[in-house]
Every structure is written in C-alpha cells, then in structure tokens.
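**Q** I'll drop the sequence and a predicted model, then ask my questions.
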Amino acid sequence: MKLLFISPLEKHLPGTQKSPTALAGLQALWGETVSFQILCRFDPEEADRLYILPQVTCPGCRVQVFRQEVVPCTFPCAPNASGAYLTRKPALMPDPLLPWNGEPLRLRADRDRLLWVDVQVPYGAADTAVEVALLDRSGHPLARQTLPLQVVPVALAEQTTRHSQWFYADCLCQRYGCGMFSEEFYRIAAAYWRCAAEHGVDTLLTPVFTPSLDVEPGGQRMRGQLVRVERRGDDYIFDFAELERWVRTARDCGIGWFEIAPFFTQWGAKHPVTVYAEPDGTPLFGWQNPADDPEYGRFLAALLPRLMDYFTALGVQDRVLFHISDEPSGENLEAYRRARAKIEPWVGGSPILDALSDPAFAREGLVTVPVAAEDYLAPFLRRRTGPLWTYSCCCQDKKVPNVFLSMPLTRARVLGALLYKERLDGYLRWGYNFWFSQFSLRPIDPWQNTDADGGFPSGDAFLVYPGQGGEPVPSLRLKTLRDAWQDLRALQALEQRAGRAAALDCIRQHLGPVSFTRYPADPARYQAFRQAVNDRLLQTTGKQEQV
C-alpha cells in the first residue's frame, strides 16, 4: 500500500498513475481550516481490489474526511478560451467531496483513490500533527503516516471582503420536492447556507420578489417571493414575516449580508420583476409591464421605505445591498438610469450594485458599487472613486480566474492575492446551486449534467452538489475558494502587524507581478507564497503569544 500526502491544489485526474509532489507538512493560523489530499495506491500483485477504513486524527483540532469522486466534464471550455486548462476535451474530472460515513472504501488496482481532509485549527491551538492510518476491514493496519502541523499563533483577520455565490431557492425545491418556504425548505436551506458560510461566503441573494435571473424574455422561475403583497383599492399591504424568517435563519447559519434580488429584469431593466398578489397569486407586475410603468414606481415608493424600516427592526439595515438589473450593457444606460430613480430615493443610502462590463455606469454614478467583470476590470480600477467588486461567470474563460471543472485549481486560489493586491471590496459569482438548464427551462441532475444542458462550461453553474437527506456536497472548487479567502485574510493580518508592503512583498516574491490576466499555474508557488506569509506573521509574534 502506498500512501502519499499531496497539496489541496493538485487535481489528480482519473487514470493518471504519475505521483504528484508529496506534501511535507502543514501550516495554519488560528481559526484557519487547512486541507490536504491522501492518495492511496496498492500493488496489483497483492489483490485486484481492497477495502480500507481511513483513520485520521489531529490532537486539538477538528478533522473531516471526504472521499473524492468524479463527474463528467462534457463542455470543458469554448474553442477560443485561453489560459491554463487541464483538458479541452470531454473527460471525467474530480470535484464532489462526499463526507466519509464510516463505511469501508473500495480501492482498485487500476486507479488511485483520493481522500480529502479538512483540519480546523481553533484559537489557542499549538503545534501538533495529523495521524493517518489505513486499516483493512478487520481493523489491521495497511499503512500509517504522520503529517506535522505548525500553528502560527496569529488569528486570521476578520473577513471584510464580501463573497457572494448566488443561491437559488427554486433549485432546492425542485431537487428535494419541498414546498417553497416550507419547514422542510428551511431545514434544507439552512444546511446549504451553513456550508456556504463555512467556506467564506457571507452574502446571500435574497428574493424579496421572484428573481428574473437566467430566464428567456417572458419566462418565469418558480414563484418564490419573501414579501407578501395584497392590493386593496389604491393601497398596497405588505407582510414581511417570511422575509424575517429568511434573514434570521441565514444569520443563525453564519451569513451576515443580504443582496436583494434585482427589481427589474436582467440585461437591461426593460421590465419590472414579477410581483405576485395575495391571495390568488395573480401577477401585479412583470413582463406585461414596461419598466417605466408609473404604477410600478408608485408600488416601489410604497414598498421600499417600509422594507428599510423592517431591515432596521431586524438590525441589518447596514448589511443590505440592492440590485437594479443584472449585466446591463451600454445601450441600456438611460433605461437603467430611469430604473435607478425609482429605487435610490427610498433605500436610505444603502449600496446599489450590479454586474457590469461598461464603465459608463460607474462613471455616471449609476451604481454605488460597480461589480466589474474580471476581464473588463482594468478601466474600472483606473477610474475608481469608491468601493469596487469583481465577478466571474461563463464568459470569463480567457486567462482570468474562474472555477470551471476543466481549469486547474490555481485559477481559483489566486483570487485571494488578487483581491488583496487590488484592494477590491467583494467578489460575486452567479451559481452556488443552479441546477437547471440555461434559461431555467428544465431541471438537470448536476451529478450527470455539469454544463446546464450545454449552456455553460462544466462547473460554471454550481459549486455544491445535492446530497442525500438535504445535505450539500461541497466541491474541490468551493474548498479552493475558501482557501483563497483565507489567503486574503492572512495577508490582511500581516498588513495589520507589519504593513502593507510586507504583504505585497510576499505576493511579489512567490507569485510574481500578478494581475487578473497574469498569474502562475504551479501549485508549489502558492504553497511557497502562503508559507512566506505565515513565516512573516510568525516573526511578528511575541513570546507571550507563542506560549
């Protein structure tokens, strides 16, 4: 039996018999989760199959073991995509991480078995070691090895860079057969929100009204409206009870910020979002109305002050972000301006943000917080006057960071260093759990269909898989984004102790002159970079801290 510890950035493809570079040890800050992979391989002369029971312990730390599985990558990338890719042809790719449930794991001589291990290092922990043993079904040891863990007695900085992965409530209902906002829905949603928060996602797309996102003109998502609306004569009556439950449940799960889904349709604010009336679900507004409908303006003027009062009562008034229309283009500038005028006076100065490629929206002050596409970020940086986010989706396939299945994990891990270097305030992705075809025409099984029925490169639409019993199954890519945010927070901790120049020096020495189109693909470079940050932090600690 061969047991090899390897970097969490190594994506070991099925059928590959080469041995990745071994990992000699781990380093972690207080409050950090560090990961590694265990590659298991055995001599085919001994047997053609084998069952193992992994035992992984680390004194003073919490350990989770996952078994790594593969999914089909049928749409690796577009023909003109550029930058580092592991494959440009359909293939099986490792990605889902199924929590190990204690059952024996089957090994085969013709392929390696990969296990993923998370080690959560609590505040106050000291140097320790991870002990790994592989036992046969009778409990006899087949292999045993130790991985040292050095703990730097410094806490990660508080997370201040927002991280949003859009959550789709209707995908949960469709997959698990639960009613929208039912008891079962909240039980399952809470598991998905906890998973998101544990991986650095702190901002939740919140459907005050059913989002008009990724639907064809005239199309509708499953009705999912947190604010109940009743019309009585000329008046609108609002019920915020469901919104309150959503916010309180999410906060209990570790989510601190709330993105209100756009009030106008995607790609240009041409129509109001669909608003249903109680008690019969009749559409009050939607595709049948122009965005300039005066009655919709009157409706928003009635709703938004009360909505803000309710957020104030919940204590989240300073943690709410508003959207007008997702991804408008330059030709929509005036329509967007008119749509904003219906929102901005009533939201009490709360930030308005939207995904953009055209700097004119920021230049004319139409968005408080531009969310610039990674490949269009440069002009936004040059003309920056305030907060700035960036985003990636299916179109960001040329050089810039992203999380397609076909990409090396370094194309996601570099985000931490880039967000720090450019002083960006947030990062947005459109797909945490989008398990539909493009335009939401039909549900798909993400275990078998990873490209939204050919609509998007494999993996673009989701970072979690639907597990049994309403439990999310995380991916390699979600773990890597968590590590990117931990890099960012480690850099911020170093800046607090030794200045920004020290943090930038670690990036420059080990990752080079990184930008959103230029960064290394070699996992070893990122390992050296984090070790340099950790070593510099260790130098700043006093004797009392080290004790």
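**A** Arrived safely. Note that the coordinates shown come from a computational prediction; the quantities given were computed from them, not determined experimentally. Residues are numbered from 1 along each chain as shown.
**Q** is it true that Val65 lies in a helix?
**A** No: Val65: not assigned to a helix; according to DSSP: H, G, I helix; E, B strand; the rest coil it is strand.
**Q** wait, what's in contact with the nearest residue to it once chain neighbours are set aside?
**A** Residue nearest to Val65 in three dimensions, not counting chain neighbours: Trp100, with 4.4 Å by C-beta to C-beta, 6 or more residues apart in numbering. Just so you know, the C-beta spots here come from the backbone N, C-alpha and C atoms, and that holds for glycine as well. Going by C-beta atoms under 8 Å, 6 or more residues apart in numbering, Trp100 touches Pro54, Val65, Phe66, Arg67, Leu115.
**Q** quick check: phi and psi on Trp100?
**A** Main-chain dihedrals, Trp100, degrees, to the nearest 10: phi -70, psi 130.
**Q** what do you get for the one 5 residues further on?
**A** The phi/psi pair for Leu105 (degrees, to the nearest 10) reads phi -100, psi 130.
**Q** bridged to it, which residues?
**A** Applying DSSP bridges to Leu105 gives these bridge partners: Ile52.
**Q** the one 10 residues further on too?
**A** Beta-bridge pairing of Leu115, defined through DSSP bridges, involves Ile38, Arg67.
**Q** number of nearby residues for it?
**A** 22 (other C-beta atoms under 10 Å).
**Q** Leu511 touches Pro520, doesn't it?
**A** Yes: between Leu511 and Pro520 a contact is recorded at 5.9 Å, counting by C-beta atoms under 8 Å.
**Q** any residues in contact with both of the two?
**A** Common neighbours of Leu511 and Pro520 (C-beta under 8 Å, 6+ apart) are Val414, Tyr526.
**Q** looking at these two, which one has more neighbours?
**A** Legend: neighbour count by other C-beta under 10 Å for Leu511 and Pro520, higher for Leu511 (22 against 16).
**Q** is the closest residue in space to that one that isn't next to it in sequence in a helix, a strand, or coil?
**A** In space, and not counting its chain neighbours, Leu511 is closest to Phe529: 5.4 Å by C-beta to C-beta, 6+ apart. With three-state DSSP as the basis, Phe529 sits in helix.
**Q** how about Arg536?
**A** helix.
**Q** now for it, how many residues are close by?
**A** For Arg536, the count of nearby residues is 20 (other C-beta under 10 Å).
**Q** that one contacts Leu504, correct?
**A** No: in this structure Arg536 lies outside contact range of Leu504 using C-beta under 8 Å: 11.4 Å.
**Q** how near is Ser212 to Ala78?
**A** From Ser212 across to Ala78, the span is 26 Å (C-beta to C-beta, to the nearest Å).
**Q** ok, Gly218 - contacts?
**A** Contacts of Gly218 by C-beta under 8 Å, 6+ apart are Trp287.
**Q** kindly report the same for Trp257.
**A** Arg162, Ser164, Asp202, Thr203, Leu204, Arg319, Val320, Leu321.
**Q** list just the nearest of those to Met93.
**A** Ser164 (25.0 Å; C-beta to C-beta).
**Q** contacts for the strand or helix carrying that closest one?
**A** Element membership of Ser164 [criterion: DSSP states H and E] is strand 162-165. The set of residues external to strand 162-165 that reach it, using C-beta under 8 Å, 6+ apart, is 196, 200-205, 257, 259, 389, 425-429, 431-432, 463, 481, 485.
**Q** in stretch 208-220, what counts as buried?
**A** Neighbour-count burial for stretch 208-220, counted by 16 or more other C-beta atoms under 10 Å, picks out Val208, Phe209, Thr210, Pro211, Ser212, Leu213, Asp214, Val215, Gln220.
**Q** quick one: these as a markdown table, columns for pLDDT too.
**A** Formatted as a markdown table, the buried residues of stretch 208-220 follow (pLDDT from 0 to 100):
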| residue | pLDDT |
| --- | --- |
| Val208 | 98 |
| Phe209 | 98 |
| Thr210 | 97 |
| Pro211 | 96 |
| Ser212 | 94 |
| Leu213 | 97 |
| Asp214 | 97 |
| Val215 | 97 |
| Gln220 | 95 |
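**Q** could you pull out the helices for the chain?
**A** With helices called from DSSP state H, the chain shows them at 169-176, 183-198, 241-252, 294-314, 333-343, 360-363, 377-382, 410-413, 415-421, 476-498, 500-511, 523-539, 543-546.
**Q** ranking these by mean pLDDT, which is last?
**A** With a mean of 45, helix 543-546 has the lowest mean pLDDT of the helices of the chain.
**Q** quick one: contacts for the residue nearest to Pro272 when sequence neighbours are not counted?
**A** Using C-beta to C-beta, 6+ apart and skipping the chain neighbours, the partner closest in space to Pro272 is Phe285 (4.2 Å). Taking C-beta under 8 Å, 6+ apart as the criterion, Phe285 is in contact with Pro272, Val273, Thr274, Val275, Asp293, Glu295, Tyr296, Phe299.
**Q** now, of those, which are buried?
**A** Pro272, Val273, Thr274, Val275, Tyr296, Phe299.
**Q** hmm, which two among those are most spread apart?
**A** Maximum distance among the buried ones among the contacts of Phe285 (C-beta to C-beta): 12.6 Å, for Thr274 and Phe299.
**Q** how many neighbours does Thr16 have?
**A** Neighbours around Thr16, by other C-beta under 10 Å: 11.
**Q** and the closest residue to it other than its chain neighbours, how close does it get to Glu45?
**A** Counting by C-beta to C-beta, 6+ apart, the nearest residue to Thr16 once its immediate chain neighbours are dropped is Asp112, at 7.4 Å. In this view, Asp112 and Glu45 are 17 Å apart by C-beta to C-beta.
**Q** those two: which has the busier surroundings?
**A** Asp112 (22 against 7).
**Q** pull the longest strand from this protein.
**A** Criterion DSSP state E: the longest strand present in the chain is strand 141-155.
**Q** what comes up buried for that one?
**A** Buried residues in strand 141-155 (16+ other C-beta under 10 Å): Leu142, Ala143, Leu147, Leu149, Gln150, Val151, Val152, Pro153, Val154, Ala155.
**Q** low-confidence ranges in the stretch 251-400 of the chain?
**A** Filtered on pLDDT under 70, the stretch 251-400 of the chain yields no residues whatsoever.
**Q** show me where it has its strands.
**A** 257-260, 275-277, 282-285, 320-322, 353-356, 369-373, 389-392 (DSSP state E, counting those that start in this stretch).
**Q** give the pairing partners of the fifth one; include direction for each.
**A** The strands that strand 353-356 pairs with in its sheet are strand 369-373 (parallel) (by DSSP bridges).
**Q** so how far is the strand it pairs with off the chain centroid?
**A** The chain centroid and the centroid of strand 369-373 are separated by 17 Å under C-alpha atoms, centre = their mean, to the nearest Å.
**Q** neighbouring strands for the longest strand of the chain, and are they parallel or not?
**A** In the sheet, strand 141-155 lines up with strand 26-30 (parallel), strand 128-135 (antiparallel) (DSSP bridges).
**Q** Gly224: which of the ones you listed is closest?
**A** Using C-beta to C-beta, the strands paired with strand 141-155 put strand 26-30 closest to Gly224, at 38.9 Å.
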